[in-house]
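Visitor: Sequence plus predicted model, see below.
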Amino acid sequence: MTNPNKPVKAARYGMAIDLDRCSGCGACMVACAVENNVPPAHQGANDRKGLTWVRVYKVDNGGEGDGRRSAFIPVMCQHCGNETPCVHVCPQQAVDVDPSTGVVGEMPERCLGCRYCMAACPYHARYFNWWDPAWPAGMEKALNPDVSPRMRGVVEKCNFCHGRWHAARRQAVADGKSDMEPVAYLPACAEACPAKAITFGDLNDAASPVAVAAKDCNSFRLLEKLDTDPKIHYISKRDWVRRIADAPRPGDGKESRRG
Amino acid sequence: MANQIDKEFISRGLKRCSTSKFILWMAPWVALLIFGLYSAGLCLVKGLNQTNMDNRFAFGLWIFLDLTVIALGAGAFFTGFLVYILKLHELRAVINSAVVIGLVCYSGAVCVLAVDVGQPLRAWFTFWYPNVHSMLTEVTFCITCYLTVLAIEYLPIVLKNRRLREIPAFLVFEFQLHKLTYLLAGVGTFLSFFHQGSLGGLYGVLRGRPFAFREGFFVWPSTFFLFIISAAAVGPSFILLTTWLVQKITRKRLVRVEVLRLLGRISGLMLAVYVLAKTVDTLIWINRTSPERGFPASQYYSWNPFGTWILFAEIVVFGLLPALVLLTPRLRARTGWLVAAAAMACGGVALNRFVMTVQTLALPTLSFDRFLSYTPSWQETGTFLAVVAYGVLVYSFSFRYFRLFPEERDLQAAAPPPDKREEEPILAGRY
């Protein structure tokens, strides 16, 4: 954990996902699972008991035939910044917000498995290990050594690829830079997206692509009305997508050209 | 021989059924307990994949029934408060029974919670790394402490057993424990107020769940206070209900009917306060809290089967109606009405805990997500049935060997012949 007394130039890592580029291929989900040692689904698992740090929702405009349009909304932990709902409820401080990165972290080794954080999360972005993690024979050799697999009975979720962040910090120190400075790195989902729909970076750095994308006039956040200050920004020019995401464009009811 | 030993443990002047009859009564409950323990064992050994809970329904049958059972068990603290703090001495007739019910309810709920968490061996982490902002921390601390208080309160009841009193050390210990009674009642009341409230606060603080989220006072949402009042309202009702049930099953008169009516009156009064507070809270939530967070309250009731009927049932059918019955002397004087109203009050609190737990989790918050349903697995049901069986066994055992109803002996001695009584016949007991 970061020492809060240490002078740190705080970063605020965030993401911008261009929904108009997302094709719903699921590469982000696979890359995330591989990077973070998320085990394959157990035989008895269904879509409500499975583990996936990124869930891609398919939505459509309700049209028929040629008029039907689909969109995909990847939803992962939104890394809420304002009175983070899951942090406040955890009885044993297994969830925290790192003040140096803004990332909401989960400590599986301290988690009691009470699932109160899951009930508290409005994005349904937290997942419980209903089974012991198991990989097909031989596949365990491909596990990422930088990330600990989680045991049965604990909650887990997206942490913006914490292993990669640590590696980036180590590299920065090796390059002679201060480890107090925010480091640049790319989570697995952003790296794997073939459509380059995911932009990741420091939202505090006004010149970074993610900060620019977050300020785009087509940008919105999920459940912004709950005032949880999520760090995942979604971008869509299509009004029906925004309508389905309950994020209507203020004062503009016109359908865009890409709709 | 066994019969003789058994009889020596039964208090003098109390009539209890034969040993074989008692064993016959206990046998099905033991069988149910074994089945329940097997179900719980499966969940502990194989994991919570044995349940039908999932990532959306993170809480299920267990949390709903735990909250209900803890509310029903509130009779222990509230009766203690009325007897020892407010000096309502008439209720001494049921205080021992209330303590046993409280102990059973709380210990049963804690056992189920131990199965419900994914890593039960880490339960002590809450004491080691407590998050003071979490309502669950408050619940854990208070329930643990209060369960200890209940266990200490139960001890004098046990030590008053005819054979145990023959051991001088126990007698002295029991005498010393008695000196603590008022202190324990005070501590128990304080702890209970907090954990009943914190259980309500669990949902009220969920700012990400607008259906459950409530405004409040200082750090406590309104559900904190509503849970305290509702628990205090149904606690006496549950004591009334169980006492009546034990009288029916044993065919003995255990308390004066005035005591039951007094319990009903207190319950009715608290229930009326609760209904009023709940109505005001609901109106504020519908007109201000929820819309301000961007969720018109009407949308919560657009998903079947959770229509507005559930709100009506909770406040009017299982709240206002039993409160009116319990507060009307003429209706309260009739045992049928009294017991039915008490049962409805208990049903009302169960419905409230169901709504707070299940409806909260069933409703989607993301606009493109869907409404989900949940049916508990047999392992979940079995585990909870183990608590029911455990409760019946502990209560039956306590009733047989300890004096749960101090007035029982006097009432039996003064009982008129069975043919002259209208209610609660004092026939030869089944146990």
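Guide: Arrived safely, thanks for sending.

Visitor: Which helix or which strand is home to residue 183?
Guide: Going with chain A. A:Val183 is part of no helix or strand, with elements assigned from DSSP states H and E.

Visitor: meant chain B actually
Guide: Of the helices and strands defined by DSSP H and E, B:Leu183 is found in helix B:181-204.

Visitor: Could you name the helices and strands sitting against the helix or strand following that helix?
Guide: Where DSSP H and E defines the elements, the next helix or strand beyond helix B:181-204 is strand B:216-217. If contacts are counted by 3 or more Cβ pairs under 8 Å, 6 or more residues apart in numbering or on different chains; DSSP states H and E, strand B:216-217 sits against helix B:222-250. No exception for glycine: its C-beta is placed from N, CA and C like everyone else's.

Visitor: pLDDT on the helix it packs on, on average?
Guide: Helix B:222-250 carries an average pLDDT of 94.

Visitor: cool, stretch B:179-192 as well?
Guide: For stretch B:179-192, mean pLDDT is 84.

Visitor: which residues are in contact with it?
Guide: B:74, B:76-78, B:80-81, B:83-85, B:142, B:145-146, B:149-150, B:152-153, B:156, B:231 (Cβ atoms under 8 Å, 6 or more residues apart in numbering or on different chains).

Visitor: Which positions in that stretch come out as buried?
Guide: By neighbour count on 16 or more other Cβ atoms under 10 Å in any protein chain shown, the buried set for stretch B:179-192 is B:181, B:184-185, B:187-189, B:191-192.

Visitor: residue boundaries of the strands in the chain?
Guide: As the question left the chain open, I've gone with chain A. Counting by DSSP state E, residue ranges of the strands within chain A are A:13-18, A:55-60, A:70-75, A:95-97, A:104-106, A:127-128, A:155-156, A:198-202, A:219-220, A:232-235.

Visitor: meant chain B, my bad for not saying
Guide: Going by DSSP E, chain B shows strands at B:216-217, B:220-221.

Visitor: so of those strands, which one's packed in deepest?
Guide: strand B:220-221 (a mean of 23; mean count of other Cβ atoms under 10 Å in any protein chain shown).

Visitor: At the geometric centre of the chain, which residue sits there?
Guide: Went with chain A since none was named. Relative to the mean C-alpha position of chain A, the nearest C-alpha, by Cα atoms, centre = their mean, is the one of A:Met76, at 3.7 Å.

Visitor: wrong one, chain B
Guide: B:Leu72 (2.2 Å).

Visitor: so that one touches B:Cys105, yeah?
Guide: Yes. Using Cβ atoms under 8 Å, B:Leu72 makes contact with B:Cys105 at a distance of 5.9 Å.

Visitor: Relative to A:Pro74, how far out is A:Val30?
Guide: Note on A:Val30: its distance to A:Pro74, by Cβ to Cβ, to the nearest Å, is 12 Å.

Visitor: quick one: which of the two has more around it?
Guide: A:Pro74 (23 against 16; other Cβ atoms under 10 Å in any protein chain shown).

Visitor: Return the residues in contact with that one.
Guide: By Cβ under 8 Å, 6+ apart, the residues touching A:Pro74 are A:17, A:22, A:28-29, A:54-57, A:189, A:198.

Visitor: Out of these, which comes closest to A:Gly153?
Guide: Set against A:Gly153, the nearest of those by Cβ to Cβ is A:Arg55 (21.2 Å).

Visitor: Specify the beta-bridge partners of the closest one.
Guide: A:Val75 (DSSP bridges).

Visitor: Give me the pLDDT value at it.
Guide: At A:Arg55, pLDDT is 94.

Visitor: which residues does it contact?
Guide: Here A:Arg55 is in contact with A:29, A:74-76, A:124-125 (Cβ under 8 Å, 6+ apart).

Visitor: Now with 10 Å, please.
Guide: By Cβ atoms under 10 Å, 6 or more residues apart in numbering or on different chains, A:Arg55 lies in contact with A:29, A:47, A:73-76, A:123-125, A:127, B:55, B:369.

Visitor: circling back to that earlier point, between the helix holding B:Leu183 and helix B:222-250, how big is the angle?
Guide: 120 degrees (axes from the mean of the first three to the mean of the last three Cα atoms, to 10 degrees).

Visitor: so how far is chain B from A:Cys121?
Guide: 6 Å (Cβ to the nearest Cβ, to the nearest Å).

Visitor: Now do that residue, the pLDDT please.
Guide: 95.

Visitor: do B:Lys15 as well
Guide: Here, the pLDDT recorded for B:Lys15 equals 84.

Visitor: Apart from its chain neighbours, what residue comes closest to the residue of the stretch 101-250 of chain A found nearest chain B?
Guide: Residue nearest to chain B within the stretch 101-250 of chain A: A:Gly113 (2.1 Å; Cβ to the nearest Cβ). Counting by Cβ to Cβ, 6 or more residues apart in numbering or on different chains, B:Gly118 is the residue found nearest to A:Gly113 once chain neighbours are left out, at 2.1 Å.
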